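> how would this look folded up:
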Amino acid sequence: MNRLNPGDNAPKSGTYKILDGSGKQIGTVEVKKGNRMPPTQSSEYYYEFEG
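Here you go, the predicted model:
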């Protein structure tokens, strides 16, 4: 799956995993299609679509 960064637009609605720089899941967030991904606590964190 494509990595999304904070501020990117969500390509589809659903649950996105929050991952740290090593790929370990540290949480989830619900985002609707077209909305921006929320800020994270570290610049190394990113999002991947979960479902």
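
> what about the strands in this protein?
Secondary structure of the chain (DSSP state E): strands at 14-19, 25-31, 46-49.

> could I get the ones you listed as JSON lines with mean pLDDT, distance to N5 and mean neighbour count?
In this view, the C-beta of every residue, glycine as well, is placed from N, C-alpha and C. Formatted as JSON lines, these follow (pLDDT from 0 to 100; distance: least, C-beta to C-beta, whole Å; neighbours: other C-beta atoms under 10 Å):
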{"stretch": "strand 14-19", "mean pLDDT": "98", "distance to N5": "11", "mean neighbour count": "17"}
{"stretch": "strand 25-31", "mean pLDDT": "98", "distance to N5": "13", "mean neighbour count": "14"}
{"stretch": "strand 46-49", "mean pLDDT": "98", "distance to N5": "6", "mean neighbour count": "18"}
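
> of all those, which lies closest to N2?
Taking C-beta to C-beta, strand 46-49 is the member of the strands of the chain nearest to N2, at 7.5 Å.

> so how far is N5 from the residue lying farthest from the centre of the chain?
In the chain, S22 marks the outermost C-alpha relative to the chain mean, sitting 14.5 Å out by C-alpha atoms, centre = their mean. In this view, S22 and N5 are 16 Å apart by C-beta to C-beta, to the nearest Å.

> neighbours of K24, how many?
Using other C-beta atoms under 10 Å, K24 has 9 neighbouring residues.

> quick one: it and N35, what's the gap?
25 Å.

> didn't K17 look like it was pressed against E50?
Yes - here K17 reaches E50: they are 4.8 Å apart, a contact under C-beta atoms under 8 Å.

> no further questions, thank you.
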